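# Take this sequence and fold it.
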Amino acid sequence: MNIMKVSVIIPSLNPDNKLVAVVDALLEEGFKDIIIVNDGSDEEHMAPFNEVAAHSECTILTHEVNKGKGRGLKTAFEFCLENRKDIDGVVTVDGDNQHRAKDIKKCSETMVSTGNVVLGVRDFTGDDVPARSKFGNNMTSGVFKVLCRLNISDTQTGLRAIPYKYLETFDKVEGERFEYETNMLLAFKKYNIGFQEESIETVYIEDNSSSHFNPVKDSIKIYKVIFKYLFKSTGMKYVGSSIASWAIDNIIFNVLEFVLIGLTVSLRIFISTAAARVLSSVFNFSLNRNAVFKSQSGLKQTVVRYYILWFCQLACSYALVYIATKLLALSIVLSGIAKIIIDLALFFVSYQIQKRWVFK
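Numbering: from 1, shown residues only. So this is what the prediction gives:
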């Protein structure tokens, strides 16, 4: 591989001599184009920039004020789109010397050979990994896998090799600070971008004390991005619609349970369940058809299919709640709790049927 055709991007804020060490290692590994973004560093931290600027292979881009890591990366992307049109791609690197030059080269080579974005991923099982990094990454990785359906083992990695063809796309991704890197990962699915992982050495220097990541402030921003993404999807709109309908259904059900206390158990549960489901179904059908699935099918067809499903759910809910109440001799309060559990199970079945048949 011609390492000269991959540009290294290093966003940096108030660096120390670790930045110099990173650049020296990259030069030794054979990289010939290193783009460093000075993201509004103060005068006391200019020496490392001045030292690396002495190398002809280095280009310094400067923000007069701090604008955030996301903006730093996009500034470099825009520079490459304008001035490095013949490169194969770029590789983003943190300036704190936690990415080994050999791993940076390995990720670059994989990117060039496959045409995919390559993430350099660390092993978080070691005892030397700071607790906040281990917990934060494992939790975020789980959220990505379960809710976003993206299997990414290191969501916080700053080592990312990106083919030139994707730079314009990533330049348009929202975010200016640490949340931008989360948006980049979500863009894989949104824009159908191929990606893969490369295992790299796990390095934490001084317990990661040089990181500018604020565990509380920046974590809030990152999870805000994730849930904003989720609530744009059909599945999460369905969740929101169902939660609202579920609330209406259960409020009416429990009110009627107390109002009809003099009736037999079977009749009380039937009337309460039926009345609650009828009123909540009108609301749910309208919201799902127009806002969630945005169905183009005829109103008559979707109404018929929806209420076939509605009736089957009603029958299942009634039968299961009745059986649970009789067999377990549940009180009114516990009967209401049993209904919540049963309807939650029916919820997942209903989503698939509505998506594939009712509002197809």
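# What's the first helix or strand after the lowest-mean-pLDDT helix or strand in the chain?
Least confident helix or strand of the chain, by mean pLDDT, DSSP states H and E, is helix 217-230 with a mean of 60. Downstream of helix 217-230, the next assigned helix or strand under DSSP states H and E is helix 234-259.
# Rounded mean pLDDT for the next helix or strand after that following helix, please.
Downstream of helix 234-259, the next assigned helix or strand under DSSP H and E is helix 265-287. Across helix 265-287, pLDDT averages out at 86.
# Can you list the helices and strands that helix 265-287 packs against?
helix 234-259, helix 299-328 (3 or more Cβ pairs under 8 Å, 6 or more residues apart in numbering; DSSP states H and E). All C-beta spots, glycine's among them, are computed from the backbone N, C-alpha and C.
# and of those, who's closest to Y166?
helix 234-259 (25.7 Å; Cβ to Cβ).
# returning to what we had before: got the helices and strands packed on helix 265-287 as TSV, with distance to L119 and mean pLDDT columns?
Shown next, in TSV, are these (distance: least, Cβ to Cβ, whole Å; pLDDT from 0 to 100):
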stretch	distance to L119	mean pLDDT
helix 234-259	25	81
helix 299-328	41	87
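# For I9, find the nearest of those helices.
Nearest to I9, of all those, is helix 234-259, at 33.2 Å by Cβ to Cβ.
# relative to helix 265-287, how tilted is the closest one?
150 degrees (axes from the mean of the first three to the mean of the last three Cα atoms, to 10 degrees).
# Give me the buried positions along helix 234-259.
237-239, 241-242, 245-246, 248-250, 252-254, 256-257 (16 or more other Cβ atoms under 10 Å).
# what does stretch 191-202 give?
Buried-residue list, stretch 191-202, by 16+ other Cβ under 10 Å: I193, F195, E197, E198, I200, T202.
# For this protein, which segments count as helices?
17-29, 47-53, 69-83, 101-114, 131-147, 167-171, 179-190, 217-230, 234-259, 265-287, 299-328, 332-353 (DSSP state H).
# okay, the ones you listed in JSON lines with distance to I35 next?
What follows is the helices of the chain, written out as JSON lines (distance: least, Cβ to Cβ, whole Å):
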{"stretch": "helix 17-29", "distance to I35": "11"}
{"stretch": "helix 47-53", "distance to I35": "11"}
{"stretch": "helix 69-83", "distance to I35": "5"}
{"stretch": "helix 101-114", "distance to I35": "14"}
{"stretch": "helix 131-147", "distance to I35": "27"}
{"stretch": "helix 167-171", "distance to I35": "12"}
{"stretch": "helix 179-190", "distance to I35": "17"}
{"stretch": "helix 217-230", "distance to I35": "24"}
{"stretch": "helix 234-259", "distance to I35": "38"}
{"stretch": "helix 265-287", "distance to I35": "49"}
{"stretch": "helix 299-328", "distance to I35": "54"}
{"stretch": "helix 332-353", "distance to I35": "47"}
